[in-house]
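Asks: Model the following, please.
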Amino acid sequence: MDWFDFSLKLPITDPTWIFLLVLLIILFAPILLNKLRIPHIIGMILAGLVIGEHGFNILVRDSSFELFGKVGLYYIMFLAGLEMNMGDFKQNRGKALVLGLLAFIVPIGIGLVTNIALLKYGVLT
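Replies: This is a model prediction of the structure:
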């Protein structure tokens, strides 16, 4: 391995460089977008188009992007947890329990009925 070989080969396939490039875009794109008065989500989509395989082909979508997706989802859930008021949650715990159970039971019921009626599966198969 040559430590001083900085030749640029596109698309970038080294996970470390991919991670660095994506983090730099996530860091600097909002600063630029604020000055241009463009919503952040639109700017991130445009940045993805520009550096993706249909733009300048700088990055190719691979398994490392699944990691970014998971980290982003966990970050959103973390922020949702920060916004929760436990006092309100305790005050409305009955409604929260009913909503949680319905969010679990209704999809299972719909899936079970669909499997039995349309796909002719049994309850245990």
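Asks: Give me the contacts around the longest helix seen in the chain.
Replies: If you go by DSSP state H, the chain has its longest helix at helix 93-117. Helix 93-117 is touched from outside by 89, 121-123, with contacts defined as Cβ atoms under 8 Å, 6 or more residues apart in numbering. Glycine gets a C-beta too; all of them are placed from N, C-alpha and C.
Asks: let's see it at 10 Å
Replies: With contact meaning Cβ atoms under 10 Å, 6 or more residues apart in numbering, helix 93-117 is reached by 88-90, 92, 121-123, 125.
Asks: could you give the mean pLDDT of that helix?
Replies: Across helix 93-117, pLDDT averages out at 93.
Asks: Confirm for me that residue 38 is in contact with residue 46.
Replies: Yes. If you go by Cβ atoms under 10 Å, residue 38 and residue 46 touch, sitting 8.1 Å apart.
Asks: which residues are common contacts for those two?
Replies: By Cβ under 10 Å, 6+ apart, the residues touching both residue 38 and residue 46 are residue 29.
Asks: coming back round to it: next one: the longest helix of the chain to chain centre, how far?
Replies: 25 Å (Cα atoms, centre = their mean, to the nearest Å).
Asks: Could you list the buried residues of that helix?
Replies: For helix 93-117, burial by neighbour count (16 or more other Cβ atoms under 10 Å) applies to no residue.
Asks: Which segments of this structure make up each domain?
Replies: The chain breaks down by automatic domain parsing into domains covering 1-83, 89-125.
Asks: looking at these, which has the lowest confidence?
Replies: domain 1-83 (a mean of 84).
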